[in-house]
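Chemist: Requesting a structural model of the entry that follows:
(chains A and B)
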Amino acid sequence: EDQVTQSPEALRLQEGESSSLNCSYTVSGLRGLFWYRQDPGKGPEFLFTLYSAGEEKEKERLKATLTKKESFLHITAPKPEDSATYLCAVQGRSGSARQLTFGSGTQLTVLP
Amino acid sequence: KAGVTQTPRYLIKTRGQQVTLSCSPISGHRSVSWYQQTPGQGLQFLFEYFSETQRNKGNFPGRFSGRQFSNSRSEMNVSTLELGDSALYLCASSLAGLQPNNEQFFGPGTRLTVL
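Modeler: Predicted structure coming up:
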């Protein structure tokens, strides 16, 4: 059974204070690892897909990296508008091609 | 390009009733997956439909069912509602191709409250 653990559960940062969110996973053959952002009352917004260890992707102040056991979402010089819950999910080979197993998320608050 | 749309956005039902939720995927997307999100359990996979066939189902009782139409639109149905079915129901669409086209894009969700 695929499992995803995210840490920390909650993170409060001052504007401009860089940090990283962690996503540890166990999966029977990784098809892909996904990062989403979710604002209260809304559906998750797609950020990145990573497919193999060593892969990195960047978007504005966000950078996602992947190893064989975990992924990090690095946030550089965050702004208050980056406040949201960040969700990590994996697609393993045991389920259907598009079945996602999600972590419980990291709730990020960026203070001005 | 329009995103994933879900209707209705909000529903209030009473125990024992049944409910049908609708999802229209992004144009050209052929796969639709459904997820339930609750504060206690987080996001959990319900089922996936591709080419009008259910491809996989998560660990939910048979009261939860769905279907997909030839235009890729999908509906999910919950019969004999229980209080614990109160949740945000999310639909995600995907091209259903090989990498790198396997990303899933979520709709805004339907907030179901069971009284």
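Chemist: any weak-confidence spans in chain A?
Modeler: For chain A, residues meeting the criterion pLDDT under 70 lie at A:95, A:97.
Chemist: So which residues of it form strands?
Modeler: Remark: strands assigned in chain A by DSSP state E are A:3-7, A:10-14, A:19-26, A:30-38, A:45-50, A:56-59, A:62-66, A:70-75, A:84-92, A:101-102, A:106-111.
Chemist: mind checking which of these is nearest residue B:102?
Modeler: strand A:30-38 (6.0 Å; Cβ to Cβ). Glycine gets a C-beta too; all of them are placed from N, C-alpha and C.
Chemist: circling back to that earlier point, quick one: the strands of chain A as TSV, columns for distance to residue B:67 and mean neighbour count too.
Modeler: As requested, the strands of chain A are exported to TSV (distance: least, Cβ to Cβ, whole Å; neighbours: other Cβ atoms under 10 Å in any protein chain shown):
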stretch	distance to residue B:67	mean neighbour count
strand A:3-7	29	17
strand A:10-14	39	13
strand A:19-26	32	18
strand A:30-38	25	22
strand A:45-50	25	19
strand A:56-59	35	12
strand A:62-66	35	20
strand A:70-75	34	19
strand A:84-92	23	23
strand A:101-102	24	22
strand A:106-111	35	17
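Chemist: does residue B:55 really touch residue B:48, like I thought?
Modeler: Yes. Contact criterion Cβ atoms under 8 Å: residue B:55 and residue B:48 qualify, at 4.7 Å.
Chemist: How about the residues of chain B by chain A?
Modeler: Proximity of chain B to chain A, by Cβ under 8 Å from any Cβ of the partner chain, involves residues B:4, B:31, B:33, B:35, B:42-45, B:48, B:50, B:55-56, B:58, B:90, B:92, B:94, B:96, B:99-100, B:102-109, B:111.
Chemist: So which residues of chain B form strands?
Modeler: Per DSSP E, chain B carries strands over the ranges B:5-7, B:10-13, B:19-24, B:31-38, B:42-50, B:53-57, B:64-68, B:74-78, B:87-94, B:105-106, B:110-114.
Chemist: So for residue A:111, which of those sits nearest?
Modeler: strand B:42-50 (25.5 Å).
Chemist: Give me the residues contacting that closest one.
Modeler: A:44, A:87, A:89, A:95-96, A:98-105, B:30-38, B:54-60, B:64, B:66-68, B:74, B:76, B:89-90, B:96 (Cβ atoms under 8 Å, 6 or more residues apart in numbering or on different chains).
Chemist: Residue A:11 touches residue A:111, doesn't it?
Modeler: No. Counting by Cβ under 8 Å, residue A:11 stays clear of residue A:111, with 11.2 Å between them.
Chemist: Show me what the residue nearest to the spatial centre of chain B bridges to in the sheet.
Modeler: Centroid-nearest residue in chain B: residue B:34, 3.0 Å away (criterion: Cα atoms, centre = their mean). On the basis of DSSP bridges, residue B:34 is bridged to residue B:47, residue B:91.
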